[in-house]
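Undergrad: Build me a structure from this.
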Amino acid sequence: MSDDQPAREPIGEDARIDALDKRLDAAREREEQRNRPKMGVEADASYRMGNRVLAELIAGIGGGAFIGWVIDHFAGTSPAGLLVVMALGTFAAFRNIIRMASQRPD
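TA: Sure, this is the predicted structure:
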């Protein structure tokens with residue numbers, strides 16, 4: 001390898017390439033802004049909604065199972081009360097989640 005200059009001169013920049021570079025940079029900037037994690041009000045609202053959905057599921061299923069177990073314990077109707085009341089709790093939880101999802105955001 002020698003320190004000789006290349007056989008050809010580099011091609012001069014074309015105005016179309018410059019314009020394309022500018023457009024690509026602008027598109028990358030827009031894409032980065034669009035994909036940045038949202039911090040602030042929107043992220044907090046989504047986090048609260050997720051926690052509320054989780055609480056509804058746990059309360060509906062767990063509460064129904066507990067109340068059904070108590071009914072079975074005192075009435076002597078082992079697994080029937082547990083299954084029926086737990087199914088009702090699950091139904092109520094999903095109904096509440098669907099109701100929350102269909103509400104218009106404030």
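Undergrad: hey, let's count contacts and neighbours off CA atoms from now on
TA: Fine.
Undergrad: For the residue nearest the centre of the chain, what is the enclosing helix or strand?
TA: The structure's the chain has its C-alpha centroid closest to residue 46; by Cα atoms, centre = their mean the separation is 7.7 Å. For residue 46, the host element (DSSP states H and E) is helix 41-75.
Undergrad: Next secondary structure after that helix?
TA: The element immediately downstream of helix 41-75 (helix or strand, assigned by DSSP H and E) is helix 80-102.
Undergrad: mind listing what residue 60 touches?
TA: The contact partners of residue 60, taken as Cα atoms under 8 Å, 6 or more residues apart in numbering, are 86, 89, 90, 91, 92, 93.
Undergrad: now residue 94
TA: Taking Cα under 8 Å, 6+ apart, one finds 56, 57 in contact with residue 94.
Undergrad: Check the gap between it and residue 67 for me.
TA: 18 Å (Cα to Cα, to the nearest Å).
Undergrad: separation between residue 50 and residue 57?
TA: When residue 50 is compared with residue 57 (using Cα to Cα), they lie 11 Å apart.
Undergrad: Comparing the two, which residue is more hemmed in?
TA: The residue with more neighbours, out of residue 50 and residue 57, is residue 57; 20 against 12, by other Cα atoms under 10 Å.
Undergrad: quick one: contacts for the nearest residue in space to the more buried one that is not next to it in sequence?
TA: Spatial nearest neighbour of residue 57, excluding adjacent residues (Cα to Cα, 6 or more residues apart in numbering): residue 93 at 5.5 Å. By Cα under 8 Å, 6+ apart, the residues touching residue 93 are 56, 57, 59, 60, 61.
Undergrad: rerun at 6 Å
TA: Residues near residue 93 by Cα atoms under 6 Å, 6 or more residues apart in numbering: 56, 57, 60.
Undergrad: and the gap between the last one and residue 86?
TA: In this case it means residue 60. For residue 60, the distance to residue 86 equals 8 Å [Cα to Cα].
Undergrad: what do you get for the first one?
TA: According to Cα to Cα, residue 56 stands 13 Å off from residue 86.
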